[in-house]
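In: Sequence first, predicted model second:
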Amino acid sequence: MTNTSTTTTTTSGSLLDAVRRGVRAVDLGRPMFLGMPQSPNHATYRMALTRRHGDMVRADGGSAAAEMLVTGCHVGTHIDALSHVSHCGMLHGEVDAAEAQMGGAFSEHGAETIEPMVRPGVLLDVPAALGVDRLDDGYEITTDDLDATVAAQGSSIDAGDVVLIRSGWGQRWDEGDAYVGRDSGVPGVSEAGAHWLADKQCHAVGADTIAFECLKPGAGHALLPAHRVLLVENGIYIIETLDLEGLAATGVHEFVFVLSPLKIVGGTGSPVRPVAVLEP
C-alpha cells in the first residue's frame with residue numbers, strides 16, 4: 001500500500017489571522033438607480049426587467065426574474081481607465097488615441113487592463129483640516145490645502161498608495177442636480193494639486209464628486225487639467241463619485257483599500273464598488 005499525504009497551502013498566516021479576528025468594511029460605492037446624479041456627458045443609467053416572475057413558471061413552481069442594464073461606464077461610482085482622456089491626440093505612454101480606438105474598442109489601456117487593487121489607502125479629509133463642514137461651490141483645492149490636510153491628520157503618503165480626497169460634496173448626493181453642480185460649480189483638486197499627487201507616485205486617486213477636479217460655476221467639463229496630469233502624463237487612475245462620508249465619520253485616515261473593476265475589454269472605465277477595510 002502506498003501512503004499519500006495532502007499538503008494544504010495557505011497564504012500568509014498573519015493576513016488570514018487578521019481577517020479571522022474580524023475587520024470592518026466601509027462601503028465607498030454609491031447606489032445605482034434611475035435618476036441618480038451623474039455627469040451629463042455620459043449615457044444615462046437605465047434598468048428594466050426583461051423577465052418577471054410568472055412570465056415562465058417551471059413544472060415545480062419555480063420562476064426567475066432578470067434585467068437589462070444600459071449605462072455609461074462613467075456613471076455612479078467608477079474608475080477611469082487610461083484610455084479615457086487623451087491630450088494632443090495621445091494617450092498615456094505616447095499611445096496614438098486614434099489608432100488605439102479603431103474598431104470601436106481600445107486596443108490599449110482598456111478597462112480590462114486595470115488590475116484589482118488591494119493597497120494602502122489614505123483619506124485626505126480637506127474640510128475637516130480647514131475647519132469647515134463642506135467645501136464651497138467651485139472651490140479649488142490647492143497644494144497648500146493638501147499640505148495642511150496631511151499635517152493636520154499626521155498622515156503619510158507612500159508610492160503606490162490610493163489617495164481619496166474628501167470635499168464634503170457627497171453630502172449633496174440626495175439633492176440630485178445640486179450634486180452635479182452645473183450652475184454652482186463643484187469643489188475639486190486644482191491642476192497644481194494633481195501634480196502634487198503625481199509627485200507622491202500614487203497608484204490611483206479618488207474623490208466624492210463626479211469629476212474629481214474643480215469645476216468652476218457654469219463651466220461644466222470645459223477643461224479637465226487634472227485628468228490630463230493624472231491619466232495622460234502619469235498613468236494614475238481616477239475614481240469618481242465615491243461615498244466618503246461614512247469613512248470620514250470613523251476618523252480613520254489610513255486603511256486597506258480594495259477595488260476590482262469589471263473586465264470591460266476596450267472600455268474607457270468601469271463601474272466599481274470600492275471598500276475601505278478597517279480594524280473593528
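Out: Yep, that arrived.
In: Could you use CA atoms for every contact and neighbour count after this?
Out: OK.
In: For stretch 19-39, measure first residue to last.
Out: 37 Å (CA to CA, to the nearest Å).
In: Have a look at this protein and report its longest helix.
Out: helix 143-153 (DSSP state H).
In: Quick check: which helices or strands does it pack against?
Out: strand 117-125, helix 126-130, helix 191-199 (3 or more CA pairs under 8 Å, 6 or more residues apart in numbering; DSSP states H and E).
In: Just give me the neighbour total for the closest residue to Asp145 other than its chain neighbours.
Out: In space, Asp145 comes closest to Val126 once its chain neighbours are excluded; the distance is 6.9 Å by CA to CA, 6 or more residues apart in numbering. Val126 has 25 neighbours, counted by other CA atoms under 10 Å.
In: can you pull out the helices in the stretch 1-150 of the chain?
Out: 13-21, 97-100, 126-130, 143-153 (DSSP state H, counting those that start in this stretch).
In: and these, which is most packed in?
Out: Mean neighbours per residue, mean count of other CA atoms under 10 Å, is largest over the helices of the stretch 1-150 of the chain for helix 126-130, with a mean of 19.
In: Could you pull up the residues touching Ser260?
Out: Glu115, Pro116, Met117, Val272, Arg273, Pro274 (CA atoms under 8 Å, 6 or more residues apart in numbering).
In: measure it to Pro271 for me?
Out: With CA to CA as the criterion, Ser260 and Pro271 are 9 Å apart.
In: quick one: average pLDDT of stretch 27-43?
Out: Mean per-residue pLDDT for stretch 27-43: 95.
In: again, but for stretch 73-84
Out: Per-residue scores along stretch 73-84 average to 98.
In: Going through the contacts of Ser260, which ones are buried?
Out: In the contacts of Ser260, burial by neighbour count holds for Met117, Val272, Arg273, Pro274, counting by 16 or more other CA atoms under 10 Å.
In: okay if I get those as TSV plus distance to Val205?
Out: TSV is the format used below for the buried ones among the contacts of Ser260 (distance: CA to CA, whole Å):
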residue	distance to Val205
Met117	12
Val272	14
Arg273	15
Pro274	12
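In: quick one: which of the residues you listed is nearest Val75?
Out: Taking CA to CA as the measure, Val75 lies nearest Val272 of the buried ones among the contacts of Ser260, at 9.9 Å.
In: pretty sure that closest one contacts Leu262?
Out: Yes. When contacts are counted by CA atoms under 8 Å, Val272 is listed as touching Leu262 (7.4 Å).
In: Does Ala276 lie in a helix or a strand, and which?
Out: In the assignment (DSSP states H and E), Ala276 maps to strand 275-278.
In: Give me the distance between that strand and the centre of its chain.
Out: 14 Å (CA atoms, centre = their mean, to the nearest Å).
In: Reformat the helices of the stretch 1-150 of the chain as JSON lines; add distance to Arg228.
Out: Shown next, in JSON lines, are these (distance: least, CA to CA, whole Å):
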{"stretch": "helix 13-21", "distance to Arg228": "37"}
{"stretch": "helix 97-100", "distance to Arg228": "14"}
{"stretch": "helix 126-130", "distance to Arg228": "22"}
{"stretch": "helix 143-153", "distance to Arg228": "17"}
